[in-house]
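# Got a sequence here, can you model it:
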Amino acid sequence: MSSQPNSYTDSNSQYTGGATPQASRTEEGVPQVIGPAAVDPARQALLDVRGEVGKAVVGQDPTVTGMLIALLCGGHVLLEGVPGVAKTLLVRALSTALSLDTKRVQFTPDLMPGDVTGSLVYDSHSSEFTFREGPVFTNILLADEINRTPPKTQASLLEAMEERQVSVDGVSRPLPDPFIVAATQNPVEYEGTYPLPEAQLDRFLLKLTMPLPGRSEEIEVIRRHAAGFDPRNLAAAGVRPVAGAVELSNARAAVAQVAVAPEILAYIVDIVRATRAAPSFQLGVSPRGATALLNTSKAWAWLTGRSFVTPDDVKALSLPCLRHRVGLRPEAQMDGIHVDDVLGSILASVPVPR
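I've put the predicted structure just below:
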């Protein structure tokens, strides 16, 4: 769906920060900034991150924007794409540009919960058990192929994702701030996988799809490799830190101040309630999904240089924010109906505030 102007946006515009930024959405429903934003050091620093990531990753700007929105909201991201579309490289480049620590865990059938969260280890010198931190103690945890590990290990992330802490032997240990999980899964491979339960899916703020690159983009990927690009050496590719924890903290404070009119709140609720009544869905969006759509819309509005949310902001984030929170009925799946198509129909039918 493409963003269309409406009378609500036109008649209620309070933007006075300079050139109005333009926005667009890809067919995956992820927004991306394509014009200048209002002058703001924190905003400009985060927008500069996209340019740095682009030095290593080609053609995934919408996904980078989605990751930035997740960091602004303190939420987690489910990345879905076939192998080889630079999911791992994107996370590494993003963490480098933001001066954040990142760790990668390859989820396998034999992975144990303690391998992720950490465990008590006996110290022969002190004759005591000490806690050895697991890879979850980082800023961005890349949970690679999260659906390849059993539910027991998947569940080890639930407390970390919701409470930002890990409890071992009755002691709660806080995780670094910021902390988000970027989990990947293959959309076409189902053998030997353990689908994430609805309760865990609902804890992901966004589900971002990473498509195969277009012909020109793939030519650029090959050209870079022919010129000596090494995905393991981001420094050589010129990726440098352009933002950090201070800018991210300031940005979060600014996003919290973005105004939301009562009509927009009602619009979000109407969209969410429509998913619960859709004949093709057996599971609709929960109230947590409504708050997620609100928060991501505020972050997107701020990134595009506005201090208020419009209906187009809500539409822009509806697909990535809601697609993993709904469940198709079996008969709808047999008819080849896609979740995004149903959500698109809902967005087209719910009255837009004016």
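# neighbours of Leu206, just the number please.
Other residues near Leu206 number 25, with proximity taken as other Cβ atoms under 10 Å. From N, CA and C alone the C-beta is placed, and that goes for glycine too.
# how about it, secondary structure?
In three-state terms, and counting by DSSP: H, G, I helix; E, B strand; the rest coil, Leu206 is strand.
# Which strand or helix spans the closest residue to it other than its chain neighbours?
Nearest residue to Leu206, sequence neighbours excluded (Cβ to Cβ, 6 or more residues apart in numbering): Pro320, at 4.5 Å. If you go by DSSP states H and E, Pro320 is part of helix 311-322.
# ok, and Arg232, which helix or strand is that part of?
Counting by DSSP H and E, Arg232 is part of no helix or strand.
# residues of stretch 290-300 that come out buried?
For stretch 290-300, burial by neighbour count (16 or more other Cβ atoms under 10 Å) applies to 290, 292-300.
# Dump these to a markdown table, plus pLDDT and distance to Arg43.
Output for these, formatted as a markdown table (pLDDT from 0 to 100; distance: Cβ to Cβ, whole Å):
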| residue | pLDDT | distance to Arg43 |
| --- | --- | --- |
| Ala290 | 96 | 26 |
| Ala292 | 97 | 22 |
| Leu293 | 97 | 21 |
| Leu294 | 97 | 20 |
| Asn295 | 97 | 17 |
| Thr296 | 97 | 16 |
| Ser297 | 97 | 16 |
| Lys298 | 97 | 13 |
| Ala299 | 97 | 11 |
| Trp300 | 96 | 12 |
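# I'd like those residues as CSV, with distance to Asp169 and secondary structure appended.
Below are the buried residues of stretch 290-300 laid out as CSV (distance: Cβ to Cβ, whole Å; DSSP: H, G, I helix; E, B strand; the rest coil):
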residue, distance to Asp169, secondary structure
Ala290, 37, helix
Ala292, 33, helix
Leu293, 38, helix
Leu294, 37, helix
Asn295, 34, helix
Thr296, 36, helix
Ser297, 41, helix
Lys298, 39, helix
Ala299, 37, helix
Trp300, 41, helix
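# Quick one: the strands in the stretch 251-354 of the chain, in order.
Taking DSSP state E, counting those that start in this stretch as the test, the strands found in the stretch 251-354 of the chain are 281-283, 327-328.
# Adding mean pLDDT, write those out as a markdown table.
Below are those laid out as a markdown table (pLDDT from 0 to 100):
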| stretch | mean pLDDT |
| --- | --- |
| strand 281-283 | 92 |
| strand 327-328 | 91 |
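# contacting residues for the closest residue to Thr296 other than its chain neighbours?
Distances taken as Cβ to Cβ, 6+ apart put Leu317 closest to Thr296, at 4.4 Å, once the chain neighbours are dropped. Contact partners of Leu317, counting by Cβ atoms under 8 Å, 6 or more residues apart in numbering, are 31, 69, 206, 293, 296-297, 300.
# between the buried residues of stretch 290-300, which is nearest Val58?
For the buried residues of stretch 290-300, the minimum distance to Val58 (Cβ to Cβ) is 23.2 Å, reached by Trp300.
# if I look at that closest one, how far off is Ile337?
From Trp300 across to Ile337, the span is 27 Å (Cβ to Cβ, to the nearest Å).
# Quick check: Val91 touching Asp144?
No - using Cβ atoms under 8 Å, Val91 is not in contact with Asp144, being 9.3 Å away.
# So for those two, which sits in the more crowded spot?
Taking neighbours as other Cβ under 10 Å, Val91 and Asp144 compare with Val91 leading, 25 against 19.
# and that one, what element?
helix 87-97.
# in the stretch 51-200 of the chain, which ranges drop under the pLDDT threshold?
Residues of the stretch 51-200 of the chain meeting the criterion pLDDT under 70: 189-190.
# Show me where it has its strands.
76-80, 102-106, 118-123, 128-133, 140-144, 165-168, 171-174, 180-185.
# any chance of those strands in TSV, plus distance to Pro262?
TSV is the format used below for those (distance: least, Cβ to Cβ, whole Å):
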stretch	distance to Pro262
strand 76-80	29
strand 102-106	40
strand 118-123	45
strand 128-133	45
strand 140-144	35
strand 165-168	35
strand 171-174	36
strand 180-185	30
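# Can you say which of those strands is nearest to Leu328?
Nearest to Leu328, of the strands of the stretch 51-200 of the chain and by Cβ to Cβ, is strand 76-80 at 15.7 Å.
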